[in-house]
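Colleague: requesting a structural model of the entry that follows:
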Amino acid sequence: MKEAMKYRKGLWAALLTLTVSTAVADTPGPSARTGASSADQHVPMIVHQRHGKNVTSTNWSGYAVTGTNGSVTDVKGSWVVPAIQGSCPSTNQYSSSWLGIDGYSSSTVEQIGTDSDCQNGAPSYYAWFEFYPHPAFIINSLAVHPGDVMSAEVNYAGGRFTATLTNATTGQQFSTSAKVGNAKRSSAEWIVEAPWSGGVLPLADFGTDYFGQNYTFVPSTNTATVGNVTAQIGAFGNSVSQITMVTSSGVVKALPSALSADGTSFSDSWLSSGP
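Modeller: Take a look at the predicted model:
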């Protein structure tokens, strides 16, 4: 897997512009998803059913705000890195917390986030970014620990997407930018995901993931800019979708709470591994 990641980095050196700044010395995180396939990716939402603005998906849970093609230019969010609950099983399991643009009803996703996984029988925590359908990259320069507060943004300007992730607990920050062909810019998301590798991977027991300033105390997060209007999730009314993760037979895997009264925050709770 490490060799695969080295190959990917070399392949993308001419295409991705990476910028790293840290407030403290770099502390490398895991160099690769040691238990996952080299094809392990965060993919667009796989829809199970839609009932108005209540949606079920086999790989996503959380919230999305939708707009017309080309209308979404920014998404901001914050979350507390969830701790793996109990003992890790012998079978590897994964859970990804992220925010991004696209993927709700389009074929690209521009995203950045963290993972709380079970790999080789032990918890594993790390940061990553992905401009799907391009591969995911581990952010080795940004350390991640359970309970850390993460603040993130994906912005579109001048034909490029810029993804930024800050560990507000340690002060470390990472930023990267790229062009993404055929990006619709039609949605913004705040998501817990079961990643994909030939199928939806088992969802690690992350307990409860907390998104938004009411939990993280990071101001002006869980906002989107759609059609030049910047507002919190709840302000977008009928353009907001609440997404529950389920198995293919409809068993709930991860369930988001209602939005807070101010429309900025929610929690997302693990219920089963699936897949």
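
Colleague: so residue 238 lies in a helix, does it not?
Modeller: Yes. Per DSSP: H, G, I helix; E, B strand; the rest coil, residue 238 lies within a helix segment.

Colleague: show me where the protein has helices.
Modeller: 2-12, 213-216 (DSSP state H).

Colleague: any idea which of those scores lowest on pLDDT?
Modeller: Note on the helices of the chain: helix 2-12 shows the lowest mean pLDDT, a mean of 30.

Colleague: for residue 73, give me its contacts.
Modeller: 155-157, 185, 225-226, 228 (Cβ atoms under 8 Å, 6 or more residues apart in numbering). (C-beta placed from N, C-alpha, C; glycine too.)

Colleague: switch to 10 Å and redo it
Modeller: 67, 101, 154-157, 161, 185, 188, 224-228, 230 (Cβ atoms under 10 Å, 6 or more residues apart in numbering).

Colleague: just the buried subset of those residues, written out for ChimeraX, thanks.
Modeller: In ChimeraX, this line selects whichever of the contacts of residue 73 come out buried by 16 or more other Cβ atoms under 10 Å:
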select :67,101,154,155,156,161,185,188,224,225,226
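
Colleague: pLDDT check: weakest of the contacts of residue 73?
Modeller: Within these, pLDDT is lowest for residue 228, at 93.

Colleague: buried residues in stretch 83-97, which are they?
Modeller: Quick answer for stretch 83-97 (16+ other Cβ under 10 Å): 84, 88, 92-97.

Colleague: again, but for stretch 99-111
Modeller: 99-104, 106, 108-111.

Colleague: which one of those is nearest to residue 261?
Modeller: residue 99 (21.3 Å; Cβ to Cβ).

Colleague: residue 207 and residue 123 touch, don't they?
Modeller: No. Taking contacts as Cβ atoms under 10 Å, residue 207 lies outside contact range of residue 123: 11.6 Å.

Colleague: gap between residue 63 and residue 186?
Modeller: For residue 63, the distance to residue 186 (Cβ to Cβ, to the nearest Å) stands at 15 Å.

Colleague: please apply the same query to residue 204.
Modeller: Distance from residue 204 to residue 186, by Cβ to Cβ: 30 Å.

Colleague: dead centre of the protein: give me the residue that sits there.
Modeller: residue 98 (1.8 Å; Cα atoms, centre = their mean).

Colleague: next up, the contacts around the residue nearest to that residue when sequence neighbours are not counted.
Modeller: In this structure, residue 98 finds its nearest non-sequential neighbour in residue 113, 2.6 Å apart by Cβ to Cβ, 6 or more residues apart in numbering. Taking Cβ under 10 Å, 6+ apart as the contact definition, residue 113 lies against 42, 77, 79, 81, 96-100, 127-130, 136, 139, 144, 150, 152, 163, 165, 190-193.
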